[in-house]
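>>> kindly return the folded structure for what I paste below:
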Amino acid sequence: MKYTQSKDALLSLIREGGKLDWMAQVKLTALLSFPSMMAQLVHIMMQYIDASMVGSLGAAASASIGLVSTSIWLFGSLCHAVSVGFYVQVAHRIGANDFAGAREVLRQSFLACMLFALMLSGIGVGVSSYLPHWLGGGEDICHNSSLYFMFFSLCLPFSMLNSLCAGMLRCSGNMHIPSILNIGLCLLDVVFNWLLIFPTRTYHLPFDHLPFTDFNPQWSMVNSQWSITIPGAGLGVVGAVLGTALAFIICSLLMCYFTVVRSKELSLRQDSGTFITQMKTLRESIHISAPIAMEHVILCGAQIVSTIIVAPLGTVAIAANSFGITVEALCYMPGYGIADAATTLVGQSLGAGRRFLARSFGRITLGMGMAFMTLMAVVMYCCSPALMSIMTPDLDVQRLTVQILRIEAFAEPMFAASIVCYGIFVGARDTLIPCTMNLTSIWLARIVPAALLAATMGLRGVWIAMAGELCFRGIIFLIRFRGDSWLKAFSKHPKGEETSAAG
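Okay, the predicted model is just below:
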């Protein structure tokens with residue numbers, strides 16, 4: 001309660017033109033960032049558990065998921081891009097104290113987003129049987145890869161609903177509900193995976209007497225020891241994607257409930273309006289989303305090319321690449337949590353006509369993101385051997401994954417700069433130039449060197465190219481942030497501008 005009151009009071013100062021000194025800005029940034037960061041960290045820990053469950057089935061099981069992981073990112077990121085176009089508009093309207101206008105955008109977003117997600121789902125199901133072969137996968141993993149991608153595609157409408165409603169809540173200043181529900185998503189994912197991946201199994205407990213066993217038929221006496229039988233479907237890789245799908249369905253419906261019913265700012269019970277997307281709202285959404293969507297298409301296309309580069313290196317390399325991407329998320333997912341806060345703070349500040357305050361929040365979130373991801377990079381460098389020993393029993397996969405993670409650790413501070421700067425620019429509806437920067441960087445500074453280095457250095461060469469590109473990308477984003485062009489992307493608010501960050 002105290003957290004909510006403090007956060008709401010500080011956010012109201014942005015909208016009402018109140019004074020926010022540097023300490024108040026840091027406090028508000030922390031209040032918005034840390035719930036999202038903690039949710040991201042829990043999400044990563046659950047991914048580790050998820051990956052270790054699949055990893056226990058062998059390198060081929062891990063490789064079958066890793067093969068289509070970049071394609072999954074492509075489809076998921078397109079859903080995210082479309083939702084951004086609507087929830088950034090909500091941030092601007094809330095910053096301008098136009099709560100009725102924010103609810104209008106929310107209503108109109110549902111139909112457009114769901115139609116897009118259904119179209120994407122149909123495409124995904126249609127190509128699922130061919131995709132692993134297009135990516136160069138071996139016959140030992142293509143069948144499971146196809147099934148995994150098909151069930152993921154069927155779940156896309158719920159993924160879209162989750163992304164849209166979580167973004168709406170965050171842009172209204174409510175960071176804790178999306179964070180709590182996403183933590184719940186991760187926990188449900190682990191529980192469902194536990195039940196669906198593995199077959200029914202019995203665990204023996206070294207206790208002489210457990211008094212409550214008389215009331216539980218699942219317990220039995222085996223060789224003078226107590227045992228418990230855990231039911232399981234034994235679906236393997238398919239069980240992993242079904243568990244994730246069930247978790248997304250539950251979480252997305254709850255996220256929608258808290259957005260349209262419980263939110264103080266966005267509850268649709270406060271007034272009425274049309275759910276048909278109006279042209280004005282749609283045009284603004286396309287202006288914001290189209291560059292992001294195009295970026296994701298080309299960016300994920302580059303990642304798919306990376307997968308094609310890695311695939312001929314063998315099953316161990318594919319599995320190590322997949323595990324490396326999962327473990328690296330320990331570093332960069334908190335950065336995305338801070339970027340979410342940056343989008344909210346910059347969007348509301350500009351919606352209130354306070355450009356200097358928007359820049360000040362940009363500096364604070366940028367510094368916080370780079371510091372936090374540097375710390376996490378040190379943790380990853382030191383702890384990656386222990387993490388990999390838990391995630392897979394394959395020693396060759398363990399060794400190769402640790403090597404590539406320690407290469408990548410040195411690039412994380414600059415990766416943080418690009419992540420948080422991007423969140424800042426999205427809040428200012430400045431998406432076209434940053435998207436172009438991302439695409440130019442990844443194609444010229446990563447893909448070409450990766451293809452050249454893979455021939456002589458294998459997977460290590462691919463990750464050396466990736467680390468170099470992330471450093472280059474961070475530098476060019478910092479250069480853009482220092483200028484004023486990203487602020488000019490947002491048209492001047494009728495209230496005008498103040499002359500200091502504090503306002």
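>>> how about the helices in the stretch 351-500 of the chain?
For the stretch 351-500 of the chain, helices defined by DSSP state H, counting those that start in this stretch occupy the ranges 355-391, 395-408, 412-427, 432-442, 448-457, 459-482, 485-488.
>>> doesn't residue 193 make contact with residue 246?
No: applying Cβ atoms under 8 Å as the test, residue 246 and residue 193 come out as separate, 9.6 Å apart. Using the backbone N, CA and C atoms, a C-beta is placed for each residue, glycine as well.
>>> quick one, which of these two is more surrounded?
Legend: neighbour count by other Cβ atoms under 10 Å for residue 246 and residue 193, higher for residue 193 (24 against 19).
>>> most tightly packed of the helices of the stretch 351-500 of the chain?
Using mean count of other Cβ atoms under 10 Å, the stretch among the helices of the stretch 351-500 of the chain with the greatest mean number of neighbours is helix 412-427 (a mean of 27).
>>> just how off-centre is it within its chain?
14 Å (Cα atoms, centre = their mean, to the nearest Å).
>>> again, but for stretch 342-361
Centre to centre, stretch against its chain (Cα atoms, centre = their mean), the figure for stretch 342-361 is 23 Å.
>>> now do that stretch: distance from first to last residue.
Using Cα to Cα, to the nearest Å, the end-to-end distance of stretch 342-361 comes to 7 Å.
>>> the helices of the stretch 351-500 of the chain: lowest mean pLDDT?
Within the helices of the stretch 351-500 of the chain, confidence is poorest for helix 485-488, with a mean of 84 (mean pLDDT).
>>> that one packs against which elements?
helix 355-391, helix 432-442 (3 or more Cβ pairs under 8 Å, 6 or more residues apart in numbering; DSSP states H and E).
>>> let's see 6 Å
Helices and strands touching helix 485-488, by 3 or more Cβ pairs under 6 Å, 6 or more residues apart in numbering; DSSP states H and E: there are none.
>>> not counting its own residues, what contacts that helix?
Defining contact as Cβ atoms under 6 Å, 6 or more residues apart in numbering, one finds that helix 485-488 is touched by 355, 425, 428, 430.
>>> downstream of the helix or strand where residue 241 lies, the next helix or strand is which one?
Take DSSP states H and E as the rule and residue 241 turns out to sit in helix 237-257. Using DSSP H and E, the helix or strand that follows helix 237-257 towards the C-terminus is helix 279-310.
>>> now that next one against helix 448-457, angle please.
20 degrees (axes from the mean of the first three to the mean of the last three Cα atoms, to 10 degrees).
>>> okay, buried residues for helix 279-310 please.
Buried residues in helix 279-310, counted by 16 or more other Cβ atoms under 10 Å: 281-282, 284-285, 288-296, 298-310.
>>> got the helices of the stretch 351-500 of the chain as CSV, with distance to residue 19 columns?
Supplementary listing: the helices of the stretch 351-500 of the chain in CSV, determined by distance: least, Cβ to Cβ, whole Å:
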stretch, distance to residue 19
helix 355-391, 10
helix 395-408, 42
helix 412-427, 21
helix 432-442, 31
helix 448-457, 49
helix 459-482, 25
helix 485-488, 21
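>>> which stretch among the ones you listed comes nearest residue 263?
For the helices of the stretch 351-500 of the chain, proximity to residue 263 was assessed by Cβ to Cβ; helix 412-427 is nearest, at 19.7 Å.
>>> for the closest one, packing partners?
On a contact count with 3+ Cβ pairs under 6 Å, 6+ apart, helix 412-427 meets helix 315-351, helix 355-391, helix 459-482.
>>> if you set the cut-off to 7 Å instead, what comes out?
Packing partners of helix 412-427 (3 or more Cβ pairs under 7 Å, 6 or more residues apart in numbering; DSSP states H and E): helix 59-95, helix 315-351, helix 355-391, helix 459-482.
>>> and the angle from that helix to helix 432-442?
Angle of helix 412-427 versus helix 432-442, following the same axes, to 10 degrees, is 150 degrees.
>>> ok, residues contacting helix 412-427?
84, 88, 91, 331-332, 335-336, 338-340, 342-343, 346-347, 350, 362, 365-366, 369-370, 373-374, 376-377, 431, 434, 470-471, 473-475, 477-478, 481, 486 (Cβ atoms under 7 Å, 6 or more residues apart in numbering).
>>> now stretch 120-137 - C-alpha only, CSV.
C-alpha atoms of stretch 120-137 as CSV (Å, rounded to 0.1, in the frame of the first residue of the first chain):
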residue,chain,number,x,y,z
LEU,A,120,0.2,-14.8,-37.2
SER,A,121,-1.0,-18.0,-35.5
GLY,A,122,-2.4,-19.3,-38.7
ILE,A,123,0.9,-18.6,-40.5
GLY,A,124,2.9,-20.3,-37.8
VAL,A,125,0.8,-23.4,-37.8
GLY,A,126,1.0,-23.5,-41.6
VAL,A,127,4.8,-23.4,-41.8
SER,A,128,5.6,-25.5,-38.6
SER,A,129,6.2,-28.8,-40.4
TYR,A,130,8.6,-27.2,-42.9
LEU,A,131,10.5,-24.7,-40.7
PRO,A,132,13.1,-27.0,-39.0
HIS,A,133,14.1,-28.3,-42.4
TRP,A,134,14.5,-24.8,-43.8
LEU,A,135,16.7,-24.0,-40.8
GLY,A,136,19.0,-26.9,-41.6
GLY,A,137,18.1,-29.2,-38.7
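>>> this completes my enquiry, with thanks.
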